[in-house]
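Participant: need the 3D shape of this:
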Amino acid sequence: VGGQAVIEGVMMRVPGKIVTAVRTANCEIVVREEKYESRTRRFHPLGLPVLRGAISFFEMMIIGLKALNFSADVAMQQEEGRQGEGDDGEVRNESLVTRDEDMSKSGWKDQVALAGTMLFSIGMGVGLFFLLPLTIAQYFGLEKNALEFNLLAGGVRAVLLVLYLWVISRWREIQRVFQYHGAEHKSIFTLEAGAELTIDEARSFGRLHPRCGTSFMLIVVLFAIAVFACADSLFPLVFGHPQSLLERFATHFALLPLIAGISFEVLKFSGKKRNHPVTRVLIAPGLWLQRITTCEPD
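Facilitator: Numbers count the residues shown, from 1 in each chain. Purely as a prediction, here's the structure:
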């Protein structure tokens, strides 16, 4: 089971289905169910270790953005035409379920908007977490030493990641999303423990989960240092000349799916062996980072 916080709600994903639940202003819960089977399950060769992680990484980007767009649409509809209280003064608390067979197909404008959002997000991410660290390391004249170059670039990348998460966590709206993130983790802990899926049971569990996307991002950042250092050392041997900044960027960007795939396997393994003393030490930095991206739900 995987999940993600959205605006006033959560998205949960299991094999064969994705469900997004969003709370409206009048305390109703809109539930959207979609049938979905990962390509790693539909095509068995794609389910091989590492390869499945790279594919899942890109799938979750698309799924996550769609879930966020759905929650934003619900919020916008509430702002445009908010429903009032009932005649008896009580706020209705009903669950509205929308299944994929009942949903109308998204128009081309929605698809273009989603594509535009993805391109903008990827562009911002590439500029901030790829080009900027490489430019800073190049500025300090470390391009001839692959290890030192990537240690500095990786350090800058890690600092930018923590700083970025800390800055957005100061926004009240994002803090609310991080509350839902904490609630999602508590729910998954409850499920994994075999406990009854109730609010009272879920409250007793922690909000920091070792198989979280926040931990995944940190694993990617740290593991990339070693992979990029090896690639940069091999580049002059293969091509016969030192890398330019553009060539280094292209090499690193091309290796991102491999790094994502291996990081995915590391994350899955840490989730299964979370109680082992060595694993506890290794997953600690990711759990520390989750103290920023999760809040205790109300």
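Participant: tell me which residue is most central in the protein.
Facilitator: The centroid of the chain falls nearest to Gly213 when counting by C-alpha atoms, centre = their mean (4.5 Å).
Participant: which residue, other than its chain neighbours, is closest to it?
Facilitator: The shortest distance from Gly213 to any non-neighbouring residue, by C-beta to C-beta, 6 or more residues apart in numbering, is to Gln4 (7.1 Å). Backbone N, C-alpha and C define where each C-beta goes, glycine included.
Participant: ok so, going back, tell me the spacing between the residue nearest to the centre of the chain and Leu46.
Facilitator: Computed as C-beta to C-beta, to the nearest Å, the Gly213 to Leu46 distance reads 21 Å.
Participant: now do Leu142
Facilitator: For Leu142, the distance to Leu46 - C-beta to C-beta - is 38 Å.
Participant: what do you get for Gly155?
Facilitator: In this view, Gly155 and Leu46 are 34 Å apart by C-beta to C-beta.
Participant: also Ala113?
Facilitator: 29 Å.
Participant: so Ala21 sits in a strand?
Facilitator: Yes: membership of Ala21 in a strand is supported by DSSP: H, G, I helix; E, B strand; the rest coil.
Participant: ok, what's across the strand from it?
Facilitator: Val10, Val31 (DSSP bridges).
Participant: tally of neighbours for it?
Facilitator: Using other C-beta atoms under 10 Å, Ala21 has 19 neighbouring residues.
Participant: and the pLDDT for it?
Facilitator: Here the pLDDT value assigned to Ala21 is 94.
Participant: so it makes contact with Glu33?
Facilitator: No: applying C-beta atoms under 8 Å, one finds Ala21 not in contact with Glu33, separated by 9.6 Å.
Participant: surely Ile174 meets Ile168?
Facilitator: Yes: with contact defined as C-beta under 8 Å, Ile174 reaches Ile168; the gap is 4.9 Å.
Participant: so after the least confident helix or strand in the chain by mean pLDDT, what's the next helix or strand?
Facilitator: One helix or strand of the chain scores below all others by mean pLDDT, DSSP states H and E: strand 95-99, with a mean of 52. Later in the chain than strand 95-99, the nearest helix or strand by DSSP states H and E is helix 108-126.
Participant: for the record, mean pLDDT for that following helix?
Facilitator: On average, the pLDDT along helix 108-126 is 77.
Participant: for Ile18, identify the helix or strand it belongs to.
Facilitator: Secondary structure assignment for Ile18, by DSSP H and E: strand 16-23.
Participant: count of neighbours near Val30?
Facilitator: As a burial measure, Val30 scores 22 neighbours (other C-beta under 10 Å).
Participant: same check on the one 10 residues further on?
Facilitator: For Thr40, the neighbour count with other C-beta under 10 Å is 18.
Participant: my read: it touches Ala54, true?
Facilitator: No: taking contacts as C-beta under 8 Å, Thr40 lies outside contact range of Ala54: 9.7 Å.
Participant: for Gly123, list the residues it contacts.
Facilitator: Neighbouring residues of Gly123 by C-beta atoms under 8 Å, 6 or more residues apart in numbering: there are none.
Participant: any idea how far it lies from Val30?
Facilitator: 31 Å.
Participant: hmm, back to that, so which elements touch the strand holding Ile18?
Facilitator: Under the contact criterion of 3 or more C-beta pairs under 8 Å, 6 or more residues apart in numbering; DSSP states H and E, strand 16-23 touches strand 9-14, strand 29-36, helix 51-80.
Participant: next, the angle strand 9-14 makes with it.
Facilitator: 170 degrees (axes from the mean of the first three to the mean of the last three C-alpha atoms, to 10 degrees).
Participant: dump strand 16-23 to PDB, restricted to CA.
Facilitator: Provided in PDB are the C-alpha atoms of strand 16-23 (Å, rounded to 0.1, in the frame of the first residue of the first chain):
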ATOM      1  CA  GLY A  16      -5.400  -2.700  -9.200                       C
ATOM      2  CA  LYS A  17      -6.900   0.500  -7.800                       C
ATOM      3  CA  ILE A  18      -6.200   4.100  -6.800                       C
ATOM      4  CA  VAL A  19      -8.600   5.900  -4.400                       C
ATOM      5  CA  THR A  20      -8.500   9.600  -3.500                       C
ATOM      6  CA  ALA A  21     -10.600  11.000  -0.700                       C
ATOM      7  CA  VAL A  22     -11.000  14.700  -0.300                       C
ATOM      8  CA  ARG A  23     -12.900  16.600   2.500                       C
END
